[in-house]
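1. Here is a sequence with its predicted model. Questions after.
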Amino acid sequence: MTNSFIPYGRQSLDETDIKAVNEVLRSAWLTTGPLVESFEEALASKVGARYCVVFNSGTAALHAAYFAAGVGQDDEVITTPITFAATANAALYLGGKPVFTDISDSSLHIDVDKVEAAITGRTRVITPVDMSGIPADIDPVMDLAGRHNLVVVDDASHALGATYKDRTVGSIADMSIFSFHPVKQITTGEGGAVTTDNADFYRSLQTFRNHGIVRDASHFTGAPVEGQEKGSWYYEQQQLGYNYRLPDINCALGLNQLKRLDQFVQRRREIAARYNEAFRENPALLTPPCSGGVHFSNEPAWHLYILRLVGNLPPRKQLVNRLYEKGIGTQVHYIPVYLHPYYRKLGYRPGICPRAEDYYKRAFSIPLYPAMSDEDVQRVVEAVNGEVEAVYQKERSK
Ligand SMILES: Cc1ncc(COP(=O)(O)O)c(C=O)c1O
């Protein structure tokens with residue numbers, strides 16, 4: 001490798017982030033302190049939701065949201081296989097069953113017609129995923145859920161800062177999930193959040209995050225035990241919860257990062273626009289579905305930039321290897337969840353979602369993060385166009 005390696009994604013930290021975390025380390029609070037609420041309020045306000053509950057991962061946030069939505073033994077959660085496994089795993093944690101429906105042929109998202117056909121008496125939740133930071137077409141999903149009395153949990157782990165039909169992602173679904181893993185729009189190291197306008201969901205999410213413990217006396221349900229005092233120490237564990245709390249240390253980082261969210265997303269959009277322009281005319285490549293004429297008035301937050309190779313047997317492995325040799329990191333998002341060995345053991349079989357499986361053969365994500373310089377972007381453009389041409393030429397000459 002001649003040049004420095006450009007990974008497919010990475011965090012953008014500066015001295016103000018380091019200072020914010022340092023200040024917490026010198027304060028009285030390391031874990032649940034004043035910054036948890038400050039971060040929650042800032043996030044809720046940023047996305048335009050009434051409530052926000054932060055968690056120590058996006059996975060924990062999903063687990064809590066499914067719990068709040070009432071997912072229990074044998075209940076079904078309909079989602080897309082083109083997502084990180086956590087979207088489906090969180091249903092399994094509760095004894096529920098992920099039901100995978102195919103992606104649409106014009107987007108990387110759940111196909112609403114297929115969702116309708118998959119609804120049964122056991123369905124509780126529909127979980128669209130804002131894949132790569134492009135918002136899923138959620139209005140029809142909300143309509144469908146309304147007609148069947150289901151809860152919509154938007155897995156917006158990729159989409160903090162995106163808008164859908166001029167509304168902010170995080171303010172539309174019954175609950176929206178965010179992840180603050182380092183490659184996402186903002187980071188807390190590990191972390192996540194749920195935003196909602198529903199006060200019952202809000203209370204349930206808070207309780208689930210902290211062992212199922214309730215401290216607010218107006219919500220105590222415990223029958224008085226003779227001789228038992230309910231002093232200032234008193235609390236009740238009313239259900240089985242977890243320790244999913246996000247420490248103040250992480251909230252300090254998140255709060256400071258959130259101040260730069262608009263700047264981060266703006267830079268992501270600039271890079272995506274440059275990629276669209278550079279790859280749109282390449283006959284061997286498909287650019288992301290919303291890039292060649294937006295199919296509804298959205299503004300993606302561009303967590304990932306996913307290209308697809310055309311043809312029957314796309315030479316992706318060779319391409320990925322050659323790009324790596326040139327110092328360009330790529331990743332594949334995602335292996336359809338039900339193809340993983342664990343899901344196969346549960347009885348899921350290949351062929352459930354043919355479009356998703358076809359997508360998976362072709363897709364690869366190229367570097368996209370705010371700290372990329374224009375020169376880095378140009379290096380990626382030249383390497384991708386050059387190596388795509390080289391691998392197809394090699395195929396043709398076989
Ligand atoms: C779509 C999606 N959902 C859920 C998660 C889980 O988030 P976390 O890694 O914060 O647990 C991720 C993380 O990558 C994700 O991409």
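-> Nice, I can see it.
2. From the ligand, how far off is residue 50?
-> Note on residue 50: its distance to the ligand, by C-beta to the nearest ligand atom, to the nearest Å, is 23 Å. Yep, even glycine has a C-beta here, placed from its N, CA and C like the rest.
3. Apart from its neighbours in sequence, what residue is nearest that residue?
-> Nearest residue to residue 50, sequence neighbours excluded (C-beta to C-beta, 6 or more residues apart in numbering): residue 197, at 4.4 Å.
4. quick one, what contacts that neighbour?
-> The neighbours of residue 197, taking C-beta atoms under 8 Å, 6 or more residues apart in numbering as the test, are 49-51, 171.
5. Buried ones among those residues?
-> With neighbours counted by 16 or more other C-beta atoms under 10 Å, the contacts of residue 197 contain buried members at 49, 51, 171.
6. Using a markdown table, lay out these together with pLDDT, distance to residue 280 and secondary structure.
-> As requested, these are exported to a markdown table (pLDDT from 0 to 100; distance: C-beta to C-beta, whole Å; DSSP: H, G, I helix; E, B strand; the rest coil):
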| residue | pLDDT | distance to residue 280 | secondary structure |
| --- | --- | --- | --- |
| 49 | 98 | 35 | coil |
| 51 | 98 | 41 | strand |
| 171 | 98 | 31 | coil |
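7. Ramachandran coordinates for residue 243?
-> phi -100, psi 90 (degrees, to the nearest 10).
8. now it: how far from the ligand?
-> Separation of residue 243 from the ligand (C-beta to the nearest ligand atom) stands at 15 Å.
9. Okay, and residue 89 sits in which element?
-> Assigned by DSSP states H and E, residue 89 belongs to helix 86-93.
10. Quickly check: the next helix or strand after that helix near the ligand or not.
-> Downstream of helix 86-93, the first helix or strand assigned by DSSP H and E is strand 97-100. No. Between strand 97-100 and the ligand, judged by C-beta under 6 Å from any ligand atom, nothing touches; the nearest distance is 12.6 Å.
11. and the next helix-or-strand element following strand 97-100, what's its mean pLDDT?
-> Next helix or strand after strand 97-100 toward the C-terminus (DSSP H and E): helix 112-118. Mean pLDDT, computed over helix 112-118, is 96.
12. Which strands or helices does helix 112-118 pack on?
-> Identification of packing neighbours for helix 112-118 by 3 or more C-beta pairs under 8 Å, 6 or more residues apart in numbering; DSSP states H and E yields helix 138-148.
13. Now the helix it packs on: buried residues?
-> Here helix 138-148 shows 138, 141-142, 144-145 as buried, counting by 16+ other C-beta under 10 Å.
14. so where do the strands sit in the stretch 201-350 of the chain?
-> Secondary structure of the stretch 201-350 of the chain by DSSP state E, counting those that start in this stretch: the strands cover 213-214, 236-237, 285-286, 305-309.
15. The first one pairs with which strands, and in what direction?
-> Neighbouring strands of strand 213-214 in its sheet, by DSSP bridges, are strand 236-237 (antiparallel).
16. Just the buried positions in stretch 27-46, please.
-> Of the residues in stretch 27-46, 33, 35-36, 39-40, 42-44, 46 count as buried by neighbour count, 16+ other C-beta under 10 Å.
17. One more: stretch 275-286?
-> Buried positions in stretch 275-286, judged by neighbour count with 16+ other C-beta under 10 Å: 275, 278-279, 284-286.
18. before we move on, what about stretch 55-70?
-> 55-69.
19. Tell me the one among these nearest to the ligand.
-> Nearest to the ligand among those is residue 58, at 2.6 Å by C-beta to the nearest ligand atom.
20. And the helices in the stretch 151-300 of the chain?
-> 199-209, 248-258, 261-279 (DSSP state H, counting those that start in this stretch).
21. mean confidence for the longest one?
-> Regarding helix 261-279, the rounded mean pLDDT is 97.
22. swap in the first one?
-> Along helix 199-209, the predicted local confidence has a mean pLDDT of 97.
23. and if you look at stretch 11-29?
-> For stretch 11-29, the mean pLDDT works out to 96.
24. Same question for stretch 181-188.
-> Mean per-residue pLDDT for stretch 181-188: 97.
25. Can you mark which positions in it are buried?
-> Under the neighbour-count criterion of 16+ other C-beta under 10 Å, stretch 181-188 has 181, 183-188 buried.
26. Would you format those residues as CSV with distance to the ligand included?
-> Converted to CSV, those look like this (distance: C-beta to the nearest ligand atom, whole Å):
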residue, distance to the ligand
181, 4
183, 8
184, 7
185, 12
186, 12
187, 10
188, 9
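27. what's the farthest-apart pair in those residues?
-> Within the buried residues of stretch 181-188, 183 and 188 form the most distant pair, 12.7 Å apart (C-beta to C-beta).
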